[in-house]
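Student: How does the following fold in three dimensions:
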Amino acid sequence: MAEVVIVADREAAGRLVADEIAGLVRANPQAVLGLATGSTPLPVYEALRTALADVDVSQVRGFALDEYVGIDPAHHESYRSVITREVVEPLGLTPQNINVPSGAVDGIEHAGADYEAKIDAAGGIDLQILGIGTDGHIGFNEPGSSFASRTRVKTLTEQTRSDNARFFASKDEVPMHCITQGLGTILRARHLVLLAFGEGKADAVAAAVEGAVSASMPASAIQLHEHVTVVVDEAAASKLSRADYYRYTYANKPAWQGI
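Tutor: Take a look at the predicted model:
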């Protein structure tokens, strides 16, 4: 089962995960990170500025979870731009080492396979950062996504386009399609770290961690992975039936095990 770590707030979560990543990079300067976008992982990226301050990150490699199809990579809300702005530049990573799926319409039919080949060539992802949607999606894997799915083009739901409209001038500007790592791709990473904050994520977190494994709840796929850490604040943990158990096991966990 996933290890669930309940922290006081998102800042504490950011520091905890950043320390794990910093330790990984110290041990392996060519570590491969799976990078999520959105507001959820921001505390991790902010904490990494301190955690990696004295670490050589020039060889660190990264793979973003997804990208919009048909968007100009230079657009402020393309995930290429977001990753550059929120991760690459603040942390001083080497831009050429950070990969984002190609959303270019020309060649989109094989863009998923191309991205999978890049991940394989890098030796796979060491630590994958994940958020979770209120409907349980991770990446752009909406309910109904296959647990065996690999990087592919998906049609965004009306709900997702409405949710993402806040980043654009209007909903009409939100692309209709995306390219996303599949659940099968995500499950190949060696360590999954899923973060969630706020009461609005509580139902999804409980279903993903303690509910049935089902394509209707894409994030429940984490139950099939051998090394998963779920880091949540008290509000996001409020629907977990075994919260006291999670607190007990983490409080008594040997420090050398990390997360």
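
Student: Quickly find the element holding residue 63.
Tutor: Using DSSP states H and E, residue 63 falls within strand 61-64.

Student: no no, residue 93
Tutor: Counting by DSSP H and E, residue 93 is part of no helix or strand.

Student: what do you get for residue 12?
Tutor: Using DSSP H and E, residue 12 sits in helix 10-27.

Student: List the residues that contact the residue positioned nearest the centre of the chain.
Tutor: When C-alpha atoms, centre = their mean is applied to the chain, the residue found nearest the centroid is residue 130 (2.3 Å). Neighbouring residues of residue 130 by C-beta atoms under 8 Å, 6 or more residues apart in numbering: 34, 36, 65, 138-139, 186, 192-195, 219, 222. In short, each C-beta sits where N, CA and C put it, glycine included.

Student: and if we set it to 6 Å?
Tutor: Residues in contact with residue 130, defined by C-beta atoms under 6 Å, 6 or more residues apart in numbering, are 36, 138, 194.

Student: The second one: neighbouring residues, count only.
Tutor: Pointing back at residue 138 there. 28 (other C-beta atoms under 10 Å).

Student: residue contacts, it?
Tutor: 130, 132, 218-219.

Student: What is the nearest of these to residue 253?
Tutor: Nearest to residue 253 out of the contacts of residue 138 is residue 130 (C-beta to C-beta; 21.1 Å).

Student: Three-state assignment for the nearest residue to the closest one once chain neighbours are set aside, please.
Tutor: Closest residue in space to residue 130, ignoring its immediate chain neighbours: residue 194 at 4.4 Å, by C-beta to C-beta, 6 or more residues apart in numbering. In three-state terms, and counting by DSSP: H, G, I helix; E, B strand; the rest coil, residue 194 is strand.

Student: partners of residue 194 in the sheet?
Tutor: Beta-bridge pairing for residue 194 (DSSP bridges): residue 130, residue 230.

Student: Would you check that it makes contact with residue 232?
Tutor: No. Applying C-beta atoms under 6 Å, one finds residue 194 not in contact with residue 232, separated by 8.5 Å.

Student: And those two? Which one has more around it.
Tutor: residue 232 (27 against 24).

Student: average pLDDT for the host helix or strand of that one?
Tutor: For residue 232, the host element (DSSP H and E) is strand 228-233. In this model, strand 228-233 has an average pLDDT of 98.

Student: Then stretch 124-138?
Tutor: For stretch 124-138, the per-residue pLDDT averages 96.

Student: likewise stretch 21-31?
Tutor: Throughout stretch 21-31, pLDDT has a mean value of 98.

Student: same check, this time on stretch 160-171
Tutor: Rounded mean pLDDT across stretch 160-171 is 88.

Student: For that stretch, measure first residue to last.
Tutor: 10 Å (C-alpha to C-alpha, to the nearest Å).

Student: Now for residue 7: which residues touch it?
Tutor: Counting by C-beta under 6 Å, 6+ apart, residue 7 touches 13, 233.

Student: With that, I have no additional questions.
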